[in-house]
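Student: sequence? don't have it. structure:
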């Protein structure tokens, strides 16, 4: 019964984590460039 909600929350968390790592990498690339 709760598997649908759990998987949705897990997907959302994964998306946030990926977004965070992309921003972090972009920030590091900027620091290296300048």
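Tutor: Right, received. Where do you want to start? Computed from a predicted model, the values in this text were never measured in an experiment.

Student: ranges for the helices of the chain?
Tutor: In the chain, the segments counted as helices under DSSP state H are 3-33.

Student: Extract the residue ranges of it that are flagged as low pLDDT.
Tutor: 1-4, 34 (pLDDT under 70).

Student: how about 90 then?
Tutor: Applying pLDDT under 90 to the chain flags residues 1-10, 32-34.

Student: Near residue 22, how many residues? Count them for me, please.
Tutor: Neighbours of residue 22 under the rule other CB atoms under 10 Å: 10. From N, CA and C alone the C-beta is placed, and that goes for glycine too.

Student: what do you get for the one 10 residues further on?
Tutor: Applying the criterion other CB under 10 Å, we find 7 residues in the vicinity of residue 32.

Student: For it, give its distance to residue 18.
Tutor: Noted for residue 32: a distance of 21 Å to residue 18, by CB to CB, to the nearest Å.

Student: Could you give the number of residues near residue 27?
Tutor: By other CB under 10 Å, 10 other residues sit near residue 27.

Student: Sorry, slip of the keys, the one I care about is residue 15.
Tutor: 10.

Student: What of the one 5 residues further on?
Tutor: The number of residues packed near residue 20 is 10, by other CB under 10 Å.

Student: for residue 25, same thing?
Tutor: Residues near residue 25, counting by other CB under 10 Å: 10.

Student: Contacts only, for it.
Tutor: Listed by CB atoms under 8 Å, 6 or more residues apart in numbering, the contact set of residue 25 is empty.

Student: I'd like the distance from it to residue 11, if you could.
Tutor: 21 Å.

Student: Residue 19 too?
Tutor: Counting by CB to CB - residue 19 and residue 11 are separated by 13 Å.

Student: again with residue 17
Tutor: 11 Å.

Student: Overlap in contacts, the two.
Tutor: If you check residue 17 and residue 11 against CB under 8 Å, 6+ apart, no residue is contacted by both.
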